[in-house]
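> Here's a sequence, model it:
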Amino acid sequence: MLGYSVYLNQPIDEQLERMKRYRDHGFRRIFTSLHIPEENSATYRERLSELGLWAKKNKMHVTADIAADSLGALRLSLNKASQLKDIGIRALRLDDGFDEKSAVALSNQMAIVLNASTLTPQSLAAMLREGMIASQVTACHNFYPRPETGLSRQAFRRSNAWFKEAGLSVAAFFPGDQNCRGPLFKGLPTLEDHRHYSPFAAFVDLLHESVDDLILGDPDMSSQVLEQFIAWDKGVILLHAHPEIQDKKLLKTLSTVQTNRPDEARDCVRSYESRMLHLVDTPILPNHHHRPRPTGSITIDNQCYGRYQGEIQISKHDLAADEKVNRVGRIISKDLPLLQYISGGTKFQIVWESKCTNK
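Numbering: from 1, shown residues only. So this is what the prediction gives:
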């Protein structure tokens with residue numbers, strides 16, 4: 001399930017436009033944090049109720065991250081799961097201060113989320129023996145605001161393997177690229193690898209790691225990235241790129257939806273349509289700028305390549321300069337990780353981001 005975050009330090013009515021936008025684009029889960037300043041408990045309870053009621057009305061699933069000492073401040077009780085459901089909370093992520101007995105009991109009343117960073121195979125096995133319902137439980141990883149502290153991919157995979165083996169679902173966070181949350185404003189990813197990915201690239205990567213619930217950790221992401229999610233639902237991967245030529249007609253042609261050939265190449269994405277449908281007018285003269293083709297280079301084979309003339313490619317890794325190949329643009333760095341997921345038969349579309357650059 002795809003989700004986003006709503007933080008209660010800001011009034012709900014100031015966040016409604018954003019909440020509706022994500023709802024309309026298929027985000028069904030809302031994550032919120034109830035780690036609250038004691039002096040603001042009444043305000044937070046009111047905002048939580050507003051959020052919950054809106055979520056119930058819109059058939060959204062609210063997961064609230066809560067520590068034991070926040071329950072009393074919000075006048076909530078684990079013994080009254082119906083009370084939590086009444087205000088729209090569908091699941092609780094149990095953080096500091098909750099014992100195994102409480103988790104077991106609550107799992108028999110509602111969905112619960114356990115902190116993946118503190119959960120051990122031993123404690124999980126003990127809770128399952130005591131009657132915890134595994135199908136009601138998600139192991140949710142933390143997000144990591146400080147650069148260099150996000151999880152390694154190896155550790156992430158190791159823990160996810162035994163979560164899945166035990167019958168738990170897995171949740172993780174991907175970072176935003178707009179209005180990043182303070183105090184560091186460096187994104188809120190689970191994996192450190194994702195710190196400098198686009199939100200969409202991080203999302204796709206988590207999907208390929210078999211994560212069940214994928215949550216935008218930061219409050220927002222740009223409209224350009226949201227367009228990538230919309231295209232994804234239609235089976236197309238959008239790739240943002242900088243042009244290196246000024247030919248508007250050619251750039252428009254290059255921005256049509258294309259398909260990677262089914263016989264997937266090792267070194268490049270090869271446009272099926274470029275030669276089969278003759279997308280580019282010929283002859284294509286060499287541009288005499290025989291530059292290296294770093295990862296993400298968008299190229300067209302020129303007339304020196306004979307029958308390959310007109311083939312559009314995107315390099316998957318660094319390739320040498322070739323006088324038979326014209327370089328016409330390059331995928332932006334934050335979208336480069338997406339290239340590994342354009343397998344044979346995958347549709348893609350180039351979106352030009354700025355004016356011509358010849359770097």
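
> Name all residues that make contact with residue 173.
The contact partners of residue 173, taken as C-beta atoms under 8 Å, 6 or more residues apart in numbering, are 141-143, 188-190, 215-217. All C-beta atoms are positioned from the backbone trio N, CA, C, and that covers glycine.

> go again using 10 Å as the cut-off
3, 5, 31, 140-144, 150, 187-191, 194, 202, 206, 211, 213-218 (C-beta atoms under 10 Å, 6 or more residues apart in numbering).

> So what does residue 319 have for phi and psi?
Dihedral angles phi and psi of residue 319 (degrees, to the nearest 10) take the values phi -130, psi 150.

> So what's the residue count around it?
If you count neighbours by other C-beta atoms under 10 Å, residue 319 ends up with 17.

> Excluding covalently adjacent residues, which one is nearest to it?
Using C-beta to C-beta, 6 or more residues apart in numbering and skipping residues adjacent in sequence, the residue nearest residue 319 is residue 293, 4.1 Å away.

> looking at it, that neighbour is touching residue 324, isn't it?
No: proximity of residue 293 to residue 324 does not meet the contact threshold set by C-beta atoms under 10 Å, at 11.7 Å.

> In terms of neighbours, single out the busier of the two.
Of the pair residue 293 and residue 324, residue 293 is the one with more neighbours under other C-beta under 10 Å, namely 23 against 15.

> quick one on the thing from earlier: per-residue confidence for the residue nearest to residue 319?
Residue-level confidence at residue 293 comes out at 96, pLDDT.

> Ok, residue 80 next?
In the predicted model, residue 80 carries a pLDDT score of 69.

> How about residue 288?
Among the per-residue scores, residue 288 holds a pLDDT of 73.

> who are the neighbours in contact with it?
For residue 288, the set of contacting residues under the criterion of C-beta under 10 Å, 6+ apart consists of 323, 326.

> element containing it?
Of the helices and strands defined by DSSP states H and E, none includes residue 288.

> Output stretch 224-236 as PDB, restricted to C-alpha atoms.
Output of stretch 224-236 as PDB, limited to C-alpha atoms (Å, rounded to 0.1, in the frame of the first residue of the first chain):
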ATOM      1  CA  GLN A 224       7.100  16.600 -11.400                       C
ATOM      2  CA  VAL A 225       7.600  13.500  -9.200                       C
ATOM      3  CA  LEU A 226       3.900  13.000  -8.600                       C
ATOM      4  CA  GLU A 227       3.600  12.900 -12.400                       C
ATOM      5  CA  GLN A 228       6.000   9.900 -12.300                       C
ATOM      6  CA  PHE A 229       3.600   8.100 -10.000                       C
ATOM      7  CA  ILE A 230       0.700   8.800 -12.300                       C
ATOM      8  CA  ALA A 231       2.600   7.500 -15.300                       C
ATOM      9  CA  TRP A 232       3.700   4.400 -13.300                       C
ATOM     10  CA  ASP A 233       0.000   3.500 -12.900                       C
ATOM     11  CA  LYS A 234      -0.300   3.600 -16.700                       C
ATOM     12  CA  GLY A 235       2.700   1.300 -17.100                       C
ATOM     13  CA  VAL A 236       5.200   4.000 -18.100                       C
END
